[in-house]
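A.B. asks: Predicted model follows, preceded by the sequence.
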Amino acid sequence: MESVFRRPQGCGPIAPQYDNHEFVRASALMDRLQQLFRWLTSRARFLGTNTELFEQFCSKVNALGVPLDRSWLHIRTLHPQYGGLSRLWLRETGVEERYLEHDFESKSIYLTSPIRFAVEERKVSRWQLGAHERLPFPFLDELRAAGYSDYVVAPLFYSDGTPNALSWATRLASGFSDEDLQLFDDILPAFSAIAEIKSLRRFATNMLHTYAGREPGELILKGQIRRGDIRTITAALMLVDLRDFTLISDALAPTNVIKMLNRYFDSVMFPIHRHGGEVMEIMGDGILAIFNDGVEGGPTTACRNAFEAAMEGIGALAQSNGIESDEVIHLVAGFALHHGAVAYGNIGFGDRLDFTVIGREVNVTSRIEKLCRELDRQLIMSGEFVNLLQQPMHEIGHFALRGIPENQPLFGLPAET
């Protein structure tokens, strides 16, 4: 027979018996946790960067009564120039970003840090920094000397299992309360989820800037991703080619060819970026760059930017040659500068596309560059470019360029005459 439970008449709901003080503490902890959770899942996810997220998160934690004076957010990154990014928040000054070298995990400052301990042990750890406490890391001694009394650090896991880290520290003599530590532990998963979203966005932006360029990367992120998504722009065009690259690469070991190319790219590409240019293609030793007319000052400013970048590139190569030993091959490049309209966007096949510039004016620039060797000049400019540049240049002469019916006037530096 089915049994039926009948509550005795007059009895209210059966509920656990809590100590009133414990109930109030638990309720306060839950309220703080819910406030932080609601903020993370509503407003915080719309913030642009982890720096904004971290700064506002620490301020929120402070406002909720946690005596937070210092926090450190340690995140690994995938970037060609650095291997990690740490952010230090101080209650008095806000957030400061610190970039970590690719080999930061082999440095003593990391090897002897509680951050490494949290990442490798994958658990929350706490050290009270009392005067007589023996501390396991030199960094904790430094915190104690700076007046901190309590320190807690935890791994911050991303969805692929990558461990990052977050720490809190306080100067309050009594340290963090049990409720503060419980809040720290409970909010980590939600904070980590939002931080990962920001990291992924930054990663996508970094990779597109690295492999496609700054403006193409932004256009791709905004949705210009279909084959044939092309628009016409006018720009100053630069084509750079390393002289005798084939002979040099035949004579050197592959690793030395790479070193040589990187020395060449450092000399030439930095000025392009500094003057607002966009490297569209790296074709072995060839570099195709544009300087968009959309800048303030229009075509004349674009041409002046391209000219200054070319002059700085020539100077940087000469300086690089001057500091290398006699055994190292000296590098000479030819620079061609032109101006005109180009098609700007996606070409390719299926899901393998290239974001680049194409058109007649790109071909003209290429043909001008080929004359650099023939005329033994490092810089040759088209008549269209010099007219917009509005600076006196030496006319080298009129030359036939393949595919163009009339001979074209070309210009160089007066010093090269």
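C.D. replies: All right, it came through fine. Numbers count the residues shown, from 1 in each chain.
A.B. asks: quick one, what contacts the closest residue to residue 392 other than its chain neighbours?
C.D. replies: Leaving aside its sequence neighbours, residue 392 sits nearest to residue 414 (C-beta to C-beta, 6 or more residues apart in numbering; 7.4 Å). All C-beta spots, glycine's among them, are computed from the backbone N, C-alpha and C. Residue 414 is in contact with 392, 393, 394, counting by C-beta atoms under 8 Å, 6 or more residues apart in numbering.
A.B. asks: ok, residue 414 to residue 236 distance?
C.D. replies: 20 Å (C-beta to C-beta, to the nearest Å).
A.B. asks: cool, residue 247 as well?
C.D. replies: From residue 247 to residue 236 the distance is 31 Å (C-beta to C-beta).
A.B. asks: Quick check: which ranges of the stretch 1-150 of the chain have low pLDDT?
C.D. replies: 1-21, 23-24 (pLDDT under 70).
A.B. asks: So which residues of it form helices?
C.D. replies: Along the stretch 1-150 of the chain, the segments classed as helices by DSSP state H, counting those that start in this stretch run 20-41, 50-63, 108-111, 114-121, 138-145.
A.B. asks: which other helices and strands contact the fourth one?
C.D. replies: Read that as helix 114-121. In this structure, helix 114-121 packs against strand 70-76, strand 125-128, strand 150-157, strand 163-170, with contacts taken as 3 or more C-beta pairs under 8 Å, 6 or more residues apart in numbering; DSSP states H and E.
A.B. asks: 7 Å - rerun?
C.D. replies: Counting contacts by 3 or more C-beta pairs under 7 Å, 6 or more residues apart in numbering; DSSP states H and E, helix 114-121 packs against strand 125-128, strand 150-157, strand 163-170.
A.B. asks: Compare those and give me the one nearest residue 182.
C.D. replies: Within these, the stretch nearest residue 182 is strand 150-157; the backing value is 11.1 Å (C-beta to C-beta).
A.B. asks: Keeping just the C-alphas, turn that closest one into CSV.
C.D. replies: Extracted in CSV, the C-alpha atoms of strand 150-157 (Å, rounded to 0.1, in the frame of the first residue of the first chain):
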residue,chain,number,x,y,z
ASP,A,150,47.0,39.5,3.9
TYR,A,151,47.4,38.0,0.4
VAL,A,152,45.3,35.5,-1.5
VAL,A,153,45.9,34.2,-5.1
ALA,A,154,44.0,31.8,-7.2
PRO,A,155,44.2,30.3,-10.7
LEU,A,156,41.8,31.8,-13.2
PHE,A,157,40.8,29.1,-15.7
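A.B. asks: Offset the numbering so it begins at 466, please.
C.D. replies: Shifting the count to begin at 466 puts that one at strand 615-622.
A.B. asks: Going by neighbour count, which residues in it are buried?
C.D. replies: Going by neighbour count (16 or more other C-beta atoms under 10 Å), the buried part of strand 615-622 is 615, 616, 617, 618, 619, 620, 621, 622.
A.B. asks: Put together CSV for those, with distance to residue 835 on each row.
C.D. replies: As requested, the buried residues of strand 615-622 are exported to CSV (distance: C-beta to C-beta, whole Å):
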residue, distance to residue 835
615, 69
616, 64
617, 65
618, 60
619, 61
620, 57
621, 54
622, 55
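A.B. asks: Sweet, I'm off.
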